[in-house]
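**Student:** Sequence first, predicted model second:
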Amino acid sequence: MTFRTGWVLAGTIALALVTGSSAYAQKTDAQSSASRKVDTQASASEQSDAQSSASRADALSTASSNPDAVASASRKSAGFVFFELYDFVAGPLLIAACLIFAAGFAWRIGVLSRISRPVRAGPPPSATARAARNAAKADDAFLMGGMSPIGRLRFRARRWIRGTVFSTSPTMGIVSLVFHVGLFLVPLLLPAHSVLLRQSVGFGLPTLPDPLMDRLTLVLLAIGAFFLVRRIVFPRVRALTTIRDYLVILLVAAPFLTAYAAYHQWLDYRTVVVVHMLTGEVLIAAIPFTKLAHMPFLVFSRFFLSAERSWRPADRRW
Amino acid sequence: MNEPASSAKTLGRIARIVDGKKDLIRLSLQACAHCALCADSCFKFRQSGRDPTCTPSFKAIHSIGRIWQKRGRLTEAEYEGIRELIWDKCVLCMRCACPVGISIPSLIALARSACRERGVWRRHTTRRNA
C-alpha cells in the first residue's frame, strides 16, 4: 500500500464513520421517539381497559411532553442494548462497509489502469489471415449443414466453450458459474431485502419468490462445501492452499448460513439477524483487500484487457 | 562472477527489478483465488503425472512471490528450488489460462530476470537427466 493510498483509505473510513454516525444519531432519535409512543400506548392500555381512545391520546401527548422520564424507562428495558446494536449495524456500519468497498474497488481499478497501457493500433489482418478465417467459417458451415437444429446448437456451444474453463474442467466451470451468479442474485433479488430497501430508500428491486431463494441459498452453501472439500482432497489445490483460503470460504459462507438460520427461525432470531448483517458487511468491505480482489481484477481483465476472450472495449494491455 | 552472489549490489538489482513491477506482482498474487484451474492448461502438469508443483499458479507464487516477499534475500537452497520451478517445470510457452485473467507468464518471466541477477539460471544438464 502506497503512502497516498493509505491516506485515501483512512479518509474514506473516517468519512464513512462520520456520515454513518450522523445518520445513526438521527435514526436513534426517531427510534426512541417511536419506542416512546409504543411504551406509552402499552402502559396506557395496561392502566385501564375502560379508558377511551381520547384519554389515551392525552396520555400520549403528556408523555411526549415529558420525554425524559419515558426515555429513562425505555433505557431500563432489556431490549435496549439489542436495538442499539441493531441500529448501529443496520445504519452506519452498512454505509461504512459500502463506502470502503467502493473506495477499495476504485483503488484496485486505478492500480490496474496504471500498470496497464493502451493497445497500439496494429496492422489490419493480412489477406492470409482473412482467408484462413473465412475457410474455418466455411468448414463450420459445411459441418453444420448436415446437422439437426439441436445438433447445430450443440456444435455452436462447443465452439464457444472451446479453450475455456468449461471445456478443460466442466464440473468446476459450471459449479463456479452457478456459485458466482448466485452470490449476486440471491442477496439482490431477495424479497426481504427488497422490503428493507423500500423502507429505507423508497424503492426496491424486482424479487424472486422466497422458497426459490431458500433453495438457492442451500445450493450456494452446498457449493461452498464442495469448494472446501475440493481444497482438501485435490493435491494441486491443496498445494496452493493457505489458512486464508479457508477463512475466505468461511467469510463468504457466513452471511448465507446466518440468512438460512434466520429465515427458518433457528436459534435466537434477533441475534442471528445481527450476526447476518455483521458478517455481510465484513464480506462487502473485505472484497477489495483479500483474495476476493479477483472481483475487480476480473472486471478489468474481462472488459478492458485486450485478450482472446475479452469483451468490449478491450483496449488495454499489460 | 566477481562479487558474491548475495552482495548488497545484487540484492539492489533484484529489488529494482521487482519494485519496477510491484503493483503487478502484488495485485496478481492477491487476486489469485488459488483455484488451481490453470493446472489443466499446463502441459508440464499433465505430462508429469499431475504433479501439484507444476501448477502454473504454484510456480508463480513460489518463485516471484517469495522473491518479492523477501526482496531477494533467499538462501542458496531456496534459489535452487525456484530455479527448478521456473526453468525445469516451466518452458514459458504462455499457454497457461487463468480464469481471472492473471498473466502468469509475465510473473514467471519476472522471476527469471530476478534469478539471473543472482546467478541462478537454466542448467541444461540437471542432476535428474545428467
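**Tutor:** The structure has been received and is ready for your questions. Every value quoted in this text rests on a predicted model; they were computed, and no experiment measured them.

**Student:** any low-confidence regions in the chain?
**Tutor:** All of this is about chain A. For chain A, the stretches with pLDDT under 70 are A:1-83.

**Student:** I was thinking of chain B, sorry if that wasn't clear
**Tutor:** Using pLDDT under 70, chain B drops low at B:1-6, B:125-130.

**Student:** who's in contact with the residue of the stretch 1-150 of chain A found nearest chain B?
**Tutor:** Residue of the stretch 1-150 of chain A nearest chain B, by C-beta to the nearest C-beta: A:Ile115 (4.7 Å). Every C-beta, even on glycine, is put in place using the N, C-alpha and C of the backbone. Counting by C-beta atoms under 8 Å, 6 or more residues apart in numbering or on different chains, A:Ile115 makes contact with A:318, B:21, B:23-24, B:27.

**Student:** one more time with 10 Å, if that's ok
**Tutor:** Contact analysis of A:Ile115 by C-beta atoms under 10 Å, 6 or more residues apart in numbering or on different chains lists A:316, A:318, B:21-28.

**Student:** Which ones among those residues map onto strands?
**Tutor:** The strands, defined by DSSP state E, take in A:Arg316 from the contacts of A:Ile115.

**Student:** can you list the contacts of A:Ile115 in CSV and add distance to A:Ala225 and neighbour count?
**Tutor:** Formatted as CSV, the contacts of A:Ile115 follow (distance: C-beta to C-beta, whole Å; neighbours: other C-beta atoms under 10 Å in any protein chain shown):
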residue, distance to A:Ala225, neighbour count
A:Arg316, 38, 19
A:Trp318, 36, 14
B:Lys21, 38, 19
B:Lys22, 37, 13
B:Asp23, 35, 14
B:Leu24, 34, 22
B:Ile25, 33, 23
B:Arg26, 31, 16
B:Leu27, 30, 19
B:Ser28, 28, 28
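
**Student:** of all the contacts of A:Ile115, which comes closest to A:Phe105?
**Tutor:** Distance to A:Phe105, by C-beta to C-beta, is smallest for B:Leu27 among the contacts of A:Ile115, at 13.0 Å.

**Student:** Correct me if wrong: that closest one contacts A:Phe289.
**Tutor:** No: at 11.6 Å, B:Leu27 and A:Phe289 do not qualify as touching, with contact defined as C-beta atoms under 10 Å.

**Student:** Please enumerate the shared neighbours of those two.
**Tutor:** Among the neighbours of B:Leu27, those also in contact with A:Phe289 (C-beta under 10 Å, 6+ apart) are A:Arg108.

**Student:** hang on, the earlier thing: ok, the residue of the stretch 1-150 of chain A closest to chain B to B:Ser113 distance?
**Tutor:** A:Ile115 sits 17 Å away from B:Ser113, going by C-beta to C-beta, to the nearest Å.

**Student:** Name the nearest residue to whichever residue of chain B sits closest to chain A, ignoring sequence neighbours.
**Tutor:** Across chain B, no residue is closer to chain A than B:Gly101, which sits at 2.6 Å (C-beta to the nearest C-beta). Distances taken as C-beta to C-beta, 6 or more residues apart in numbering or on different chains place A:Ser301 nearest to B:Gly101, at 2.6 Å, with adjacent residues excluded.

**Student:** give me every residue that touches the one you found.
**Tutor:** A:112, A:116, A:294, A:307, A:309-310, A:314, A:316, A:318, B:31, B:98-103.
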